[in-house]
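1. sequence below, structure please.
(chains A and B)
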Amino acid sequence: MQRTTMDLWVGIFVLAGIGALLVLALKVGNLSTYSAEKSYVLIGSFENIGGLKPKAPVKSAGVVVGRVTAIQFNPKSFDAEVTMSVDSRYQFPRDTFASILTAGLLGEQYIGLAAGGDEVSLKSGDKITKTNSAVVLETLISQFMFNKAAEGDAKK
Amino acid sequence: MPRRIVTAIRGVGHRAIDGTWRLGYASRFFVLTLLKSATAFRRPHLIIRELYFTGVMSLIIILVSGLFVGMVLGLQGYETLQKYGSEAAVGTLVALSLVRELGPVVAALLFASRAGSAITAEIGLMKATEQLAAMEMMAVDPIARVVAPRFWAGIMSMPLLAAMFSAMGIFGGYLVTVVLIGVDEGSFWSQMQSSVDFQHDIVNGVIKTCVFGVAVTAIALFEGYDAPPTAEGVSGATTRTVVTSSLAILGLDFILTAFMFTGVN
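-> Prediction:
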């Protein structure tokens, strides 16, 4: 075979391979959604995080504004400390409410931020003081049972 | 009776010594190939020639199998997922299984049987017809001239082939589920994109294919170089290449997966 033809085919092969990698990275993977924007860190302490995991989305009004970067247990206050990095394009007031929510019935858990009315914004490293724990099904059921039992007692 | 036991123990010892010797020989061969690779890089045309034979000639089988594997994954995934009303997640299923496991492993298995066996047969035949000895007579090092270019061409073409396999498979899954069955196109891609992580899934998949490429080409080259210089010896070596490298791929895949995808979520 001619050397030039071979070179041409090998060139096509290499370019097609690199193209396939690019397709995988951009169209299939999430490289295109990685933003080069700066982000800042917020910390929230929750009584119970349920099934929240690192890399879970942080959403406000349903829009993804950041990601959970780390989850740690605080041995002094016995809470879970969730560190999240939030896109610096979005500023939240100081009395923002953070709660752990579930996407769909069996979906993954995420942090929902509901903005408050304070005029001062949260800065990097600030703690979100108003938090709402994940809903644990067992607690919900036992509360329901207690209420029923209490109703029964009241009727007597 | 004791003599039989002694013979059995002797057999075990013989095999152990033989296996260790072969392993040592293979490692020395591998190191020698790495040391003499400089010549191959100084004459890139040698590598390009081998890229043509190992890479370009394997293209058709890789692309067609990728397409069909993706199509079958799409069909089967749809069948199961639609029972739970989450048929849009079929994109995630196809992409994750291809990028993490099936792409690297199946492409490497095909590569071993398509290109690995050819490498072994070629080098084995070169040895049987005393071409390698003739090269040495002419003061041309056969490891630098014949082995090293094939080694590097194999390592370069494996990740490219696997990436094409995965991309083709995802296209096949798209074809079956979105075009034929009618799953919503937007959620097909968006669910896929939200669950396939570049660092965690794609880069790890590429690392896997590089490891497989090294394993397959090293085994194929060694088996060919070590083949007894007879017709029977070459055919035996070719079979051993396919069997050994397939087992090596599957074993390595388990080890790599255990390191890459456990512990982190």
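
2. switch to C-alpha atoms for all contacts and neighbour counts from now on
-> OK.

3. just the C-alphas of the helix or strand containing residue A:143, formatted as PDB.
-> Using DSSP states H and E, residue A:143 sits in helix A:137-155. Taking Å, rounded to 0.1, in the frame of the first residue of the first chain, the C-alpha atoms of helix A:137-155 are listed here in PDB:
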ATOM      1  CA  LEU A 137     -40.300   8.000  56.800                       C
ATOM      2  CA  GLU A 138     -40.100   6.100  60.200                       C
ATOM      3  CA  THR A 139     -40.400   9.400  62.100                       C
ATOM      4  CA  LEU A 140     -43.300  10.400  60.000                       C
ATOM      5  CA  ILE A 141     -45.200   7.200  60.600                       C
ATOM      6  CA  SER A 142     -44.500   7.200  64.300                       C
ATOM      7  CA  GLN A 143     -45.800  10.800  64.600                       C
ATOM      8  CA  PHE A 144     -48.900   9.800  62.700                       C
ATOM      9  CA  MET A 145     -49.400   6.800  65.000                       C
ATOM     10  CA  PHE A 146     -49.000   8.900  68.100                       C
ATOM     11  CA  ASN A 147     -51.500  11.500  66.800                       C
ATOM     12  CA  LYS A 148     -54.000   8.700  66.100                       C
ATOM     13  CA  ALA A 149     -53.500   7.300  69.600                       C
ATOM     14  CA  ALA A 150     -53.900  10.800  71.100                       C
ATOM     15  CA  GLU A 151     -57.100  11.300  69.200                       C
ATOM     16  CA  GLY A 152     -58.500   8.000  70.400                       C
ATOM     17  CA  ASP A 153     -57.700   9.000  74.000                       C
ATOM     18  CA  ALA A 154     -59.400  12.400  73.600                       C
ATOM     19  CA  LYS A 155     -62.600  10.800  72.300                       C
END
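
4. so how far is that helix off the chain centroid?
-> 33 Å (Cα atoms, centre = their mean, to the nearest Å).

5. the longest helix in chain A is where?
-> Longest helix in chain A, counting residues (DSSP state H): helix A:3-23.

6. tally up the residues packed near residue B:138, please.
-> 9 (other Cα atoms under 10 Å in any protein chain shown).

7. let's see the pLDDT reported for it.
-> We have a pLDDT of 92 for residue B:138.

8. from chain A, how far off is it?
-> 25 Å (Cα to the nearest Cα, to the nearest Å).

9. check residue B:151 too.
-> Distance from residue B:151 to chain A, by Cα to the nearest Cα: 16 Å.

10. so who does that residue touch?
-> B:33, B:214, B:217-218, B:221 (Cα atoms under 8 Å, 6 or more residues apart in numbering or on different chains).

11. which non-adjacent residue is nearest the residue of the stretch 151-265 of chain B found nearest chain A?
-> Going by Cα to the nearest Cα, chain A is nearest to residue B:160 of the stretch 151-265 of chain B, at 4.3 Å. Among residues not flanking residue B:160 along the chain, residue A:17 sits closest, at 4.3 Å (Cα to Cα, 6 or more residues apart in numbering or on different chains).

12. which strands and helices sit next to the longest helix of chain A?
-> Applying 3 or more Cα pairs under 8 Å, 6 or more residues apart in numbering or on different chains; DSSP states H and E, one finds that helix A:3-23 contacts helix B:44-54, helix B:148-174.

13. show me the contact partners of it.
-> Contacts of helix A:3-23 (Cα under 8 Å, 6+ apart): B:48-49, B:51-52, B:55-56, B:157, B:159-161, B:163-164, B:167.

14. could I get those as CSV with pLDDT?
-> Compiled in CSV, the contacts of helix A:3-23 are given as follows (pLDDT from 0 to 100):
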residue, pLDDT
B:48, 91
B:49, 90
B:51, 91
B:52, 91
B:55, 90
B:56, 91
B:157, 93
B:159, 94
B:160, 94
B:161, 94
B:163, 94
B:164, 94
B:167, 94
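
15. and residue 47, what pLDDT?
-> Since you didn't name a chain, this refers to chain A. pLDDT, residue A:47: 86.

16. try chain B instead
-> Per-residue confidence (pLDDT) for residue B:47: 90.

17. same question for residue B:76.
-> So, for residue B:76, pLDDT stands at 93.

18. dump the residue contacts of it.
-> Contacts of residue B:76 (Cα under 8 Å, 6+ apart): none.

19. in the helix or strand where it lies, what counts as buried?
-> Using DSSP H and E, the element containing residue B:76 is helix B:59-81. By 16 or more other Cα atoms under 10 Å in any protein chain shown, the buried positions in helix B:59-81 come out as B:59, B:62-63, B:65-75, B:77-78.

20. what is the mean pLDDT for the longest helix of chain A?
-> Averaged across helix A:3-23, the pLDDT comes to 89.

21. most tightly packed of the helices and strands packed on helix A:3-23?
-> helix B:148-174 (a mean of 27; mean count of other Cα atoms under 10 Å in any protein chain shown).

22. that older thread, of the contacts of helix A:3-23, which pair is most distant in space?
-> Using Cα to Cα, the pair of the contacts of helix A:3-23 lying farthest apart is B:49 and B:167, separated by 25.4 Å.

23. neighbours around the residue in chain A that chain B sits nearest to, how many?
-> Per Cα to the nearest Cα, residue A:17 is where chain A lies closest to chain B, at 4.3 Å. Neighbourhood size, residue A:17 [other Cα under 10 Å]: 22.

24. same thing with residue B:56?
-> Applying other Cα under 10 Å, we find 19 residues neighbouring residue B:56.

25. ok, now which ones touch it?
-> Residue B:56 neighbours (Cα under 8 Å, 6+ apart): A:9-10, A:13.

26. go again with 10 Å.
-> Each residue near residue B:56 by Cα atoms under 10 Å, 6 or more residues apart in numbering or on different chains is listed here: A:6, A:9-14, B:50, B:157, B:161.

27. which regions of chain A lie under the pLDDT threshold?
-> A:1, A:31-37, A:104-107, A:155-156 (pLDDT under 70).
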